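> Task: produce atomic coordinates for the following.
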Amino acid sequence: MRLGAHVRSDSDPIGAAEELGADLLQMFVVDPQDRKMPAPQDRPDADRIRSSPIDVVVHSSYIINVASLNNRLRMPSRKAVEQQAKAAADLGAIGLVVHGGHLRDGEDAGEGFLNWRKLFERQADKGGFAVPIFIENTAGGDNAMARHLDAIERLWEQVGDFDDAGFCLDTCHAWAGGEDLVGIVERVRDITGRIDLVHLNNSRDEFDSARDRHANLADGQIDNDLLVEVVRTAGAPVILETPGEGMADDLAYLREAV
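Okay, the predicted model is just below:
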């Protein structure tokens, strides 16, 4: 079982992961509030990342929203997913994490789910994405595409037949989104048939709060036994996105617990 963390060192992600004793790391390839694609020269450490035994997952920009009905947001979001997937592949990454996105009040959710399908359809015409796209469940919003399991089911009806569509389960997001963590792995797999990555995070807030505020494993509202059971049953690579000051302790605890 590969256990790792999102590293916050843009200058030396491999060094940061080695210091934690991580088996894999998650990183950005651009500013998370930007959609641009980095030029190859922006990563002088690319060879080191590719040759390291530490596996890499890339998290896409937060502002990407491929479900949007607004062309000025959706079209650049599609391009950003394609470009950031290519940048991830250039680093030898195993996948690109992309949030499920959301619509505005009053918009037709069916069109948002269809926009997800169009993302994969149009990329399939180009030979598919350079790495799998791990669609991540989200914590809040009444118009979110991937907050509740019924929405994820509708989403998967549109994208589940594409080989490069994967799923990332975030425990804080599920908890804050109002999904019981008891049996969550089985319920997700019943819908998607897969869990490719787990974002293991505790939550600073109560159940169904719709607040995406991560906590260290020992400090949050979620029982650690529930978190450990998610890891055991998912059998997928695990990334911690917990506060940095306690991340080493989180990783050590997790290694002992599983």
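> I figured I152 hits N137, correct?
Yes. Taking contacts as C-beta atoms under 8 Å, I152 lies within contact range of N137: 6.5 Å. The way it works is simple: take the backbone N, C-alpha and C, and place the C-beta from them, glycine included.
> shared neighbours of the two, anything?
Applying C-beta atoms under 8 Å, 6 or more residues apart in numbering, one finds that I152 and N137 are jointly contacted by 100, 146.
> Give me the more crowded residue out of these two.
The residue with more neighbours, out of I152 and N137, is N137; 28 against 23, by other C-beta atoms under 10 Å.
> need the contact list for that one.
Applying C-beta under 8 Å, 6+ apart, one finds that N137 lies in contact with 100, 146-147, 152, 167-170, 173-174, 177, 179.
> What segments of the protein are strands?
3-6, 24-27, 55-59, 96-99, 133-136, 165-170, 197-200, 202-203, 214-215, 238-240 (DSSP state E).
> Check the offset of stretch 125-140 from the chain's centre.
With C-alpha atoms, centre = their mean, to the nearest Å as the basis, stretch 125-140 stands 9 Å off its chain's centre.
> Okay, now it: how far is its last residue from its first?
The stretch stretch 125-140 measures 33 Å between its terminal residues, going by C-alpha to C-alpha, to the nearest Å.
> Ok, stretch 178-192 next?
End-to-end distance of stretch 178-192: 19 Å, with C-alpha to C-alpha as the criterion.
> Give me every residue in contact with that stretch, excluding its own residues.
Judged by C-beta under 8 Å, 6+ apart, the contacts made with stretch 178-192 from elsewhere in the structure are 137, 147-149, 152-153, 156, 160, 167, 169, 171, 174-175, 195, 207-208, 210, 222, 226-227, 229-230, 233-234.
> Just the buried positions in that stretch, please.
Neighbour counts over stretch 178-192 (16 or more other C-beta atoms under 10 Å) mark 179, 181, 184-185, 187-188, 191-192 as buried.
> ok, of the contacts of N137, which one's closest to A88?
Proximity of those to A88, judged by C-beta to C-beta, is greatest for C168, which lies at 13.5 Å.
> Might one say that the closest one is in contact with R194?
No. Between C168 and R194 no contact is recorded; they are 10.4 Å apart, counting by C-beta under 8 Å.
> Who has more neighbours out of those two?
With other C-beta under 10 Å as the criterion, C168 and R194 differ in neighbour count, and C168 comes out ahead with 28 against 16.
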